[in-house]
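Peer 1: quick one: sequence plus predicted model below, questions after.
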Amino acid sequence: MNGEAEIDLRQLLKVLRKRAWLIGLVLVLAVTAAGALSLFVLPPVYEAEVTLMVSRLQAAGTRTAARETLETAVDPLARLPQMTLNTYIAQLTSPRLLEQVARDLGFDTAVWTPGVLAGMIRAEAPRDTNLIRVRVQSPDPAVARSVADALTQRFMTFISENNRAQLEKSVEFLTQQAEAVKADRDRAAAELHRLQAEPGAAALLAEQARTSSSMLAAYRSDLLRARVEADAARAALDRLDQQLAAIPAVLVSEQVTETREPAGEGGQTSGATAEARVVSRKETLNPVHLQLSQLRHQKAVEVAERQARVAALTAQVATLEQAVALLNAELTRRLARESALEREVARLEGTYQLLTEKITETRIVKSLDLGQSDIWVLSPATTPGSPVRPNVRLNVAVAGLLGLMAGFMLVFAVEYLDNTVKSPDDVAAATGLPVLGQIPRFRPGGRPWLRRWALGQS
């Protein structure tokens, strides 16, 4: 295609074959230099390895946003602080720890600085394990082992001291909290005792409320009975009034008297008489009406008495109802206050007991060997017998590969920069004209097979 250069594989192979000696020379030089550097120039480096096992770990990012109870809030203070493997690995190369390692080994701290020691140490955690591999590299195998052992012991001591200090702070904090809770509990208990000992205590108010309620029930029963009796008396009085209305109060009696009188003047015969009728009225009190009136008067007095009793009982019932309502209201208020204080005392007592238990647990944990309970040596360090660097085979192999690549690049560069004409193809490529023939050049006394080969090539 126009504008694109075609690559002929045969031409490339021809170029490589023509300058194979140059590729071989570069390869030999690279391998020789790598072997010489590995064997005679680079110092040997020895490696001591220690494997640690961590017993208690906390997975990162496992905390939830749920509301914590008192138990879950206090419990971490009574236990050893949990850390992740990355935290332990970071502490292994902390400057403070490395300074103590240098002093333990008697090294000159001006020379063996934390930076120098940190450059010798490699710590890693194999995936999905609770192991920590600590590798210490040094030109001296004894130094590598000494640093590995000292680092391990100092690290375990460092963890123990940190845990012990943390637990001491936890004990102090829990003790302060327990004292404060105890003081609050005592104050709440004293307030509850004072409230229960007052004249208006809930127990006395409850007894008064029960007595008043019993009296109120009795008065209500009496009131109901009095109303029934008053209604019965009023009905009887009404019946007497009806009877009195039907019976007259006065009885009237008439008496007729007939009289004979002599005839008067006028020429009547002698001996004749005249008859006359005289009617006389007599009123007397009706004894039945009088008796009913007396009964009505008595019944009216009884009705008045019954009504007065009803009125008196109604007033007493109203008074007792008001008194009972006030007693119940006061009793409810007192009971609510006493109940709140009792709950507060119980809560504070539970908190105090929990804090006391956690203080005891923390002191027990503090008395343990915290470093050994956290971390122990699974595989101690040994004095290395052979260096890990330089790796002669690996260095020679890498140098050979790099030398081969450099030889190829050098051959192609030389071929690209060479613009001389050495063959008919070069002439055709330079002039753009076809080659009609070539005249071979022979040296005097040349061999016949060489002439034939040259003519065959041309």
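Peer 2: Everything's here; your move.

Peer 1: Ala300 and Arg234 touch, don't they?
Peer 2: No: using C-beta atoms under 8 Å, Ala300 makes no contact with Arg234, being 9.7 Å away. C-beta coordinates here come from the backbone N, C-alpha and C atoms, glycine included.

Peer 1: helices of this structure, start to end?
Peer 2: All helices of the chain, identified by DSSP state H, fall at 9-18, 20-36, 70-74, 85-92, 95-105, 114-120, 141-197, 202-246, 287-366, 370-374, 392-417, 424-431, 448-457.

Peer 1: what about Val324, distance to Arg227?
Peer 2: Distance of Val324 to Arg227, computed by C-beta to C-beta, to the nearest Å: 21 Å.

Peer 1: swap that for Val396, sorry
Peer 2: 126 Å.

Peer 1: counting neighbours, what do you get for Arg154?
Peer 2: 20 (other C-beta atoms under 10 Å).

Peer 1: correct me if wrong: it contacts Leu97.
Peer 2: Yes: Arg154 lies in contact with Leu97 (C-beta under 8 Å); the separation is 6.0 Å.

Peer 1: so who does Thr382 touch?
Peer 2: Ala48, Arg145 (C-beta atoms under 8 Å, 6 or more residues apart in numbering).

Peer 1: one step back: can I get the helices of the chain in JSON lines including distance to Ser253?
Peer 2: Shown next, in JSON lines, are the helices of the chain (distance: least, C-beta to C-beta, whole Å):
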{"stretch": "helix 9-18", "distance to Ser253": "173"}
{"stretch": "helix 20-36", "distance to Ser253": "172"}
{"stretch": "helix 70-74", "distance to Ser253": "108"}
{"stretch": "helix 85-92", "distance to Ser253": "134"}
{"stretch": "helix 95-105", "distance to Ser253": "143"}
{"stretch": "helix 114-120", "distance to Ser253": "150"}
{"stretch": "helix 141-197", "distance to Ser253": "87"}
{"stretch": "helix 202-246", "distance to Ser253": "20"}
{"stretch": "helix 287-366", "distance to Ser253": "14"}
{"stretch": "helix 370-374", "distance to Ser253": "132"}
{"stretch": "helix 392-417", "distance to Ser253": "164"}
{"stretch": "helix 424-431", "distance to Ser253": "184"}
{"stretch": "helix 448-457", "distance to Ser253": "195"}
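
Peer 1: same drill for Val396 and Arg227, tell me which one is more crowded.
Peer 2: Neighbours per residue (other C-beta under 10 Å) separate Val396 from Arg227, with Val396 holding more: 20 against 16.

Peer 1: can you give me the distance of that one to Val28?
Peer 2: 11 Å.

Peer 1: what about stretch 288-296, distance to the chain center?
Peer 2: How far stretch 288-296 lies from its chain's middle: 93 Å, per C-alpha atoms, centre = their mean, to the nearest Å.

Peer 1: so for that stretch, mean pLDDT?
Peer 2: Mean pLDDT, stretch 288-296: 84.

Peer 1: export that stretch as PDB, just CAs?
Peer 2: Only the C-alpha atoms of stretch 288-296 are listed here, as PDB (Å, rounded to 0.1, in the frame of the first residue of the first chain):
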ATOM      1  CA  VAL A 288    -112.400   8.800 108.700                       C
ATOM      2  CA  HIS A 289    -111.200  12.100 107.300                       C
ATOM      3  CA  LEU A 290    -109.800  13.100 110.600                       C
ATOM      4  CA  GLN A 291    -108.000   9.800 110.900                       C
ATOM      5  CA  LEU A 292    -106.600  10.100 107.400                       C
ATOM      6  CA  SER A 293    -105.500  13.700 108.100                       C
ATOM      7  CA  GLN A 294    -103.600  12.500 111.100                       C
ATOM      8  CA  LEU A 295    -102.000   9.800 108.900                       C
ATOM      9  CA  ARG A 296    -101.100  12.300 106.200                       C
END
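
Peer 1: which outside residues touch it?
Peer 2: Counting by C-beta under 8 Å, 6+ apart, residues outside stretch 288-296 touching it are Leu237, Leu240, Asp241, Gln243, Leu244, Ile247, Pro248, Ala249.

Peer 1: list the buried residues of it.
Peer 2: Residues of stretch 288-296 classed as buried by neighbour count (16 or more other C-beta atoms under 10 Å): His289, Leu292, Arg296.

Peer 1: ditto for stretch 91-111
Peer 2: Quick answer for stretch 91-111 (16+ other C-beta under 10 Å): Gln91, Leu92, Thr93, Leu97, Leu98, Glu99, Gln100, Val101, Ala102, Asp104, Leu105, Phe107.

Peer 1: now swap in stretch 183-196 and tell me
Peer 2: For stretch 183-196, a neighbour-count test (16+ other C-beta under 10 Å) marks Asp184, Arg185, Ala188, Ala189, Leu192 as buried.

Peer 1: mean confidence for that stretch?
Peer 2: 88.

Peer 1: show me what it is in contact with.
Peer 2: Residues contacting stretch 183-196 (C-beta under 8 Å, 6+ apart): 201-203, 334, 337-338, 341-342, 344-345, 348-349, 352.

Peer 1: of those, buried ones?
Peer 2: Ala201, Ala202, Arg334, Glu338, Leu341, Glu344, Val345, Leu348, Tyr352.

Peer 1: including distance to Lys358, could the residues you listed go into TSV?
Peer 2: Supplementary listing: those in TSV, determined by distance: C-beta to C-beta, whole Å:
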residue	distance to Lys358
Ala201	37
Ala202	35
Arg334	36
Glu338	30
Leu341	26
Glu344	21
Val345	20
Leu348	15
Tyr352	11
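
Peer 1: excluding covalently adjacent residues, which one is nearest to Arg220?
Peer 2: Distances taken as C-beta to C-beta, 6 or more residues apart in numbering place Val317 nearest to Arg220, at 5.8 Å, with adjacent residues excluded.

Peer 1: quick revisit: ok, of the buried residues of stretch 288-296, which one's closest to Met215?
Peer 2: Lowest distance from Met215 to the buried residues of stretch 288-296 (C-beta to C-beta) belongs to Arg296, with 36.6 Å.

Peer 1: now Asn391, what are its backbone angles?
Peer 2: For Asn391, the backbone dihedrals (degrees, to the nearest 10) come out as phi -90, psi 100.

Peer 1: show me where pLDDT drops low in the stretch 151-300 of the chain?
Peer 2: Across the stretch 151-300 of the chain, the ranges flagged by pLDDT under 70 are 200, 254, 256-280.

Peer 1: about what we covered before: which one of the contacts of stretch 183-196 is nearest to Val143?
Peer 2: Among the contacts of stretch 183-196, Tyr352 lies closest to Val143 (C-beta to C-beta), at 56.2 Å.

Peer 1: pretty sure the closest one contacts Val181?
Peer 2: Yes: if you go by C-beta under 8 Å, Tyr352 and Val181 touch, sitting 4.8 Å apart.

Peer 1: any idea how far the residue nearest to Phe155 when sequence neighbours are not counted is from Glu321?
Peer 2: Leaving out its chain neighbours, the residue that sits closest to Phe155 by C-beta to C-beta, 6+ apart is Leu92, at 5.9 Å. Plainly put, Leu92 is 83 Å away from Glu321 if you go by C-beta to C-beta.

Peer 1: do Thr113 as well
Peer 2: 93 Å.

Peer 1: next: Ile23.
Peer 2: Ile23 is 121 Å from Glu321, where distance means C-beta to C-beta.
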